[in-house]
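Asks: Sharing a model prediction with you, sequence too.
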Amino acid sequence: MPREDRGQATVELALLLPVLVVLLAVLVQAGVLVRDQILVTHAAREAVRAAALDEDPDAARRAAAAAGPLDRDRLQVSVAGRHGRGSRVTVRVTYRAPTRLPLVGRAVGDVTLRASATMRVER
């Protein structure tokens, strides 16, 4: 190996490694946001089920908050359309998902995730 080519792989790795670390962080953050979207959809389903069975206006919020490990302070639940038995109730859940990873979180900020579900009122 010629003397001027020594250390070339080390320099290439030093130049490429930060790019790979940032790409990995972006991938991990995207995975966390997908997980949070699934949890928000699950919370909407649980909330609409509670709203369809219980006349208490806070039942949907309690059910959404208990549905998973979402931060309750970042969760908003709205209920519309409950007009008695046979009507349809719609619940909309909005969640401000934090981006906690270094670099990615500062660049993107909080992401708003939404889900809604509709169910027939049973009682």
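Replies: All right, it came through fine. The model shown is predicted, which means the values in this text are computed figures rather than measured ones.

Asks: just checking, what packs against the helix or strand of the chain with the lowest mean pLDDT?
Replies: Across the helices and strands of the chain, mean pLDDT, DSSP states H and E gives its lowest value to helix 104-108, namely a mean of 73. Applying 3 or more Cβ pairs under 8 Å, 6 or more residues apart in numbering; DSSP states H and E, we find helix 104-108 packed against helix 8-53. C-beta: built from backbone N, CA, C; applies to glycine.

Asks: Tell me the helix or strand right after the helix it packs on.
Replies: From helix 8-53 onward toward the C-terminus, using DSSP states H and E, the following helix or strand is helix 59-66.

Asks: what angle separates that next one from helix 8-53?
Replies: 150 degrees (axes from the mean of the first three to the mean of the last three Cα atoms, to 10 degrees).

Asks: what does the very next helix or strand once past helix 59-66 rub up against?
Replies: Moving toward the C-terminus from helix 59-66, the next helix or strand (DSSP H and E) is strand 75-80. Contacting residues not belonging to strand 75-80 are listed as 43, 47, 51, 57, 60-61, 64-65, 89-95 [Cβ atoms under 8 Å, 6 or more residues apart in numbering].

Asks: next one: stretch 13-24 to chain centre, how far?
Replies: Here stretch 13-24 is found 27 Å from its chain centre; the criterion is Cα atoms, centre = their mean, to the nearest Å.

Asks: what's the answer for stretch 84-93, then?
Replies: For stretch 84-93, the distance to the chain centre is 23 Å (Cα atoms, centre = their mean).

Asks: Quick check, residue 69 in contact with residue 39.
Replies: Yes. Using Cβ atoms under 8 Å, residue 69 is in contact with residue 39, at 7.1 Å.

Asks: For those two, indicate the residue with more neighbours.
Replies: residue 39 (19 against 7; other Cβ atoms under 10 Å).

Asks: who's in contact with that one?
Replies: Contacts of residue 39 (Cβ under 8 Å, 6+ apart): 67, 68, 69, 70, 95.
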